[in-house]
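Chemist: Pasting the sequence and the predicted coordinates here, then a few questions.
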Amino acid sequence: MLAEPLLQRLAEARHVVALTGAGISAESGVPTFRDAQTGLWARYRAEELATPAAFLAEPRLVWDWYAWRRSLTRRAQPNAGHAALVQLERLLPRLTLITQNVDGLHARAGSRNVLELHGNLDTTLCFDEGTVVTEYTDDGRTPPRCPRCGGLLRPGVVWFGESLPKATLEQAEVAAASCDVLLSVGTSSLVHPAAGLPLAAKRHGAVLLEVNPTATPLTPHVDAALSGPAGLLLPELARQLERLRGRLAPSD
Ligand code: BJW
């Protein structure tokens, strides 16, 4: 699957970054961001709901959309792709996992070092104060209100036009600039600043690998494009790495 010289580079890497997007959760039954709209939500475009302006115009609609998506992700289980990244974390000296996903499935699979660039569906913020709200009363209003200031509550995710969490983005940028291999998995590579991380890694000399059933704007820049589903290809990659490690291990 992965050509021997690139597999060697992966096996020798001191620091690997995996950047994931919605595609890695597709096989858990969580629809990807751009294909997310099914059933009642099919007539809305995700890009038009995931903005502060949409929330201010129709807070109930946007809150309900996130409630629907939260109910899907809570029922979902991590898949073989998530599990393979946990295995890679064990096999490699250092793996930084950067995700654009808000579903929390990497942590539920057992990944320890996860940088969530776009927040998490399971957190709630006060729209006005930007503070995390852990407890609030359900008084029947949608969205519920902030117990401190009475402002609208919103999901703790990053919408278009909003800044990413500063410290998390900085850690991601440092990791991208210092890794030997960056593995981009299941992302359309359209949304910035996340989409710029692989290119920054490449400028600093990293090998770029991509796992995706379809080509993306990143594909022309990668050293290897592994075409197919993450749930199949990531476990295969981990197996290849383990086999190579077995061959390289000094015999007693
Ligand atoms: C499989 C598979 C399987 C399927 N296995 N793969 C520079 C240039 C141009 C624009 C900008 C720029 N810098 C900033 C911007 C503006 C904007 C932006 O990037 N716009 C672009 C659309 C052009 N960025 C922002 O606004 C960001 N903020 C920011 O930069 O602030 C400063 C600033 C603002 C304005 C101007 C300039 C500076 C914030 C971005 C926040 C993104 N938030 C969202 C919503 C999160 C909450 C929610 O989920 O509702 O994050 S948008 C959405 O896209 C979500 C995702 O995390 C993100 C990425 O999507 P992803 O993960 O790639 O999913 P899909 O669906 O697009 O793709 C799935 C892929 O999986 C596909 O390729 C499939 O083929 C594949 N796949 N099955 C493997 N089994």
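Modeler: Thanks, I have the structure now. Residues are numbered from 1 along each chain as shown.
Chemist: and residue 154, how far is that from residue 73?
Modeler: Residue 154 sits 17 Å away from residue 73, going by C-beta to C-beta, to the nearest Å. Bear in mind the C-beta positions are built from the backbone N, C-alpha and C, glycine included.
Chemist: what's the distance between the one residue sitting closest to the centre of the chain and the ligand?
Modeler: Centroid-nearest residue in the chain: residue 99, 2.6 Å away (criterion: C-alpha atoms, centre = their mean). Per C-beta to the nearest ligand atom, to the nearest Å, residue 99 is found 8 Å from the ligand.
Chemist: Wait, that residue touches residue 117, no?
Modeler: Yes. With contacts counted by C-beta atoms under 8 Å, residue 99 reaches residue 117, the gap being 6.8 Å.
Chemist: anything in contact with each of those two?
Modeler: With contacts defined as C-beta atoms under 8 Å, 6 or more residues apart in numbering, no residue is shared by residue 99 and residue 117.
Chemist: phi, psi of residue 157?
Modeler: phi -120, psi 170 (degrees, to the nearest 10).
Chemist: got the contact list for it?
Modeler: By C-beta under 8 Å, 6+ apart, the contact list for residue 157 reads 50, 66, 102, 118-121.
Chemist: what about the closest residue to residue 202 other than its chain neighbours, neighbour count?
Modeler: Using C-beta to C-beta, 6 or more residues apart in numbering and skipping the chain neighbours, the partner closest in space to residue 202 is residue 208 (5.4 Å). Per other C-beta atoms under 10 Å, the neighbour tally for residue 208 reads 21.
Chemist: Same check on residue 172?
Modeler: Residue 172 - counted by other C-beta under 10 Å - has 24 other residues nearby.
Chemist: can I assume it is in contact with residue 115?
Modeler: Yes. Residue 172 is within contact range of residue 115, at 5.2 Å (criterion: C-beta under 8 Å).
Chemist: Check which residues of the top helix by length along the chain are buried.
Modeler: In the chain, with assignment by DSSP state H, the single longest helix is helix 230-248. By neighbour count on 16 or more other C-beta atoms under 10 Å, the buried set for helix 230-248 is 230-238, 240-241, 244.
Chemist: Return the distance of it from the chain's centre.
Modeler: 21 Å (C-alpha atoms, centre = their mean, to the nearest Å).
Chemist: So which elements touch that helix?
Modeler: On a contact count with 3 or more C-beta pairs under 8 Å, 6 or more residues apart in numbering; DSSP states H and E, helix 230-248 meets helix 4-12, helix 23-26, helix 80-91, strand 207-211.
Chemist: intersection of neighbour lists for residue 172 and residue 115?
Modeler: Joint contacts of residue 172 and residue 115 (C-beta under 8 Å, 6+ apart) are 96, 98.
Chemist: what residues are up against residue 233?
Modeler: By C-beta under 8 Å, 6+ apart, the residues touching residue 233 are 1, 81, 211, 226.
Chemist: now it: how far from residue 35?
Modeler: For residue 233, the distance to residue 35 - C-beta to C-beta - is 19 Å.
Chemist: same thing with residue 216?
Modeler: Taking C-beta to C-beta, one finds residue 216 at 14 Å from residue 35.
Chemist: Please apply the same query to residue 194.
Modeler: The value you get for residue 194 to residue 35, if C-beta to C-beta is used, is 18 Å.
Chemist: what do you get for residue 70?
Modeler: Applying C-beta to C-beta to residue 70 and residue 35 gives a distance of 18 Å.
Chemist: Compare those two (neighbour count), which wins?
Modeler: The residue with more neighbours, out of residue 70 and residue 35, is residue 70; 16 against 11, by other C-beta under 10 Å.
Chemist: Quick check: phi and psi on the more buried one?
Modeler: Note on residue 70: backbone dihedrals following degrees, to the nearest 10 are phi -60, psi -40.
Chemist: Kindly report the residues of the stretch 51-200 of the chain close to the ligand.
Modeler: 100, 102, 118, 157-163, 186-188, 190-193 (C-beta under 6 Å from any ligand atom).
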